[in-house]
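Chemist: I need the structure of the sequence given here:
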Amino acid sequence: MKCALVTGGSRGIGKAICKKLAEDSDYHILINYNSNKEAALDTLKQVEELGNTGEIIQFDVANADAVKNALDTWIDANEGSIIEVLVNNAGITKDGLFMWMPAEDWHSVINTSLNGFYNVTNHLIQKMLSNRYGRIINMVSVSGVKGTPGQTNYSAAKGAIVAATKALAQEVAKRKITVNAVAPGFINSDMTAELDEKELKRMIPVNRFGEAEEVADLVSFLASKKSSYITGEVININGGIYS
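Modeler: Okay, here's the model as predicted:
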């Protein structure tokens, strides 16, 4: 069984990615969630309604032991199965001006986005290397490419993953593993629900927020065999706000 794992797959962009991979591929979809089991089960239901198979898998990407235990348990229970596609989507924001930023807000954002990338990817990459095939797609952000005031912690975490993407891509390319990053701008989701869309869309050349499905289309392409000559790239999807 060939599988695609999407971290933070229960809601928002992660959910849209799970559904799009279910629609476009034959991959068994592993929907990772941290706390919202109900949302993960709803995503699974929608994956199955699209005629594909999937399951939910619970772990906090920031907790190295939890990641190891959950993935080892799954691998032991699914002998012969291989995770060919990994979408590192889990992330959190704790916005605020840097001068007033508590250490907790810095560390929790770095731990989830950056250490989460390490914990999951490092655990799965050996299998991809021995299998001589893989697709790693890291969800970053316009914040990680251009920097966003009030998001120094988030920009730092996502910017680090941009650099990691470029380095790792060069290490594993000979084994037919591609590593790319997708950098969304303002996308309609839980994460942007509090923002003033009317005010912000004036800054966006296409004059609107993006949809999670538009991001998912790009991720689905990068997860496919069609993208085999694209690696080490950061692809911006932001309506022209920054490129």
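Chemist: so where do the helices sit in this structure?
Modeler: Along the chain, counting by DSSP state H, helices occupy 12-24, 37-49, 64-77, 103-110, 116-131, 142-146, 152-172, 197-200, 212-222.
Chemist: of the ones you listed, which is nearest residue 236?
Modeler: helix 142-146 (6.6 Å; C-beta to C-beta). Every residue, glycine included, has its C-beta placed from N, CA and C.
Chemist: just how off-centre is the closest one within its chain?
Modeler: Here helix 142-146 is found 15 Å from its chain centre; the criterion is C-alpha atoms, centre = their mean, to the nearest Å.
Chemist: for stretch 5-22, same thing?
Modeler: The chain centre lies 8 Å from the centre of stretch 5-22; the measure is C-alpha atoms, centre = their mean.
Chemist: how about stretch 82-100?
Modeler: 8 Å.
Chemist: what mean pLDDT does it have?
Modeler: On average, the pLDDT along stretch 82-100 is 96.
Chemist: for it, list the C-alpha coordinates in CSV.
Modeler: The C-alpha trace of stretch 82-100 is given here as CSV (Å, rounded to 0.1, in the frame of the first residue of the first chain):
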residue,chain,number,x,y,z
ILE,A,82,5.3,2.8,2.3
ILE,A,83,4.8,6.5,2.9
GLU,A,84,5.8,7.9,-0.5
VAL,A,85,4.4,11.4,0.0
LEU,A,86,4.9,13.6,3.1
VAL,A,87,3.2,17.0,3.4
ASN,A,88,4.6,18.9,6.3
ASN,A,89,1.6,21.2,6.9
ALA,A,90,1.2,21.4,10.7
GLY,A,91,1.9,24.8,12.1
ILE,A,92,0.7,27.4,14.6
THR,A,93,0.8,31.1,15.0
LYS,A,94,1.3,33.2,18.1
ASP,A,95,1.5,36.7,16.7
GLY,A,96,2.8,39.7,18.5
LEU,A,97,5.5,42.4,18.3
PHE,A,98,8.9,40.9,19.0
MET,A,99,9.8,43.3,21.8
TRP,A,100,6.8,42.0,23.8
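Chemist: returning to that earlier point: now render the helices of the chain as TSV, adding distance to residue 238.
Modeler: Listed next are the helices of the chain as TSV, based on distance: least, C-beta to C-beta, whole Å:
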stretch	distance to residue 238
helix 12-24	13
helix 37-49	25
helix 64-77	30
helix 103-110	20
helix 116-131	21
helix 142-146	5
helix 152-172	13
helix 197-200	12
helix 212-222	10
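Chemist: mind checking which of those helices is nearest residue 5?
Modeler: Comparing the helices of the chain by C-beta to C-beta, helix 116-131 comes nearest, at 7.4 Å.
Chemist: which strands and helices lie in contact with that closest one?
Modeler: helix 64-77, strand 82-88, strand 134-139, helix 152-172, strand 177-184 (3 or more C-beta pairs under 8 Å, 6 or more residues apart in numbering; DSSP states H and E).
Chemist: hmm, who's touching that helix?
Modeler: Here helix 116-131 makes contact (C-beta atoms under 8 Å, 6 or more residues apart in numbering) with 5, 7, 61-64, 67-68, 71, 75, 82-84, 86, 88, 90-91, 134, 136, 138, 161, 164, 168, 172, 175, 177.
Chemist: could you redo the last one with a cut-off of 7 Å?
Modeler: For helix 116-131, the surrounding residues in contact (C-beta atoms under 7 Å, 6 or more residues apart in numbering) are 7, 61-62, 64, 67-68, 71, 82-83, 86, 88, 90, 134, 136, 138, 161, 164, 172, 175, 177.
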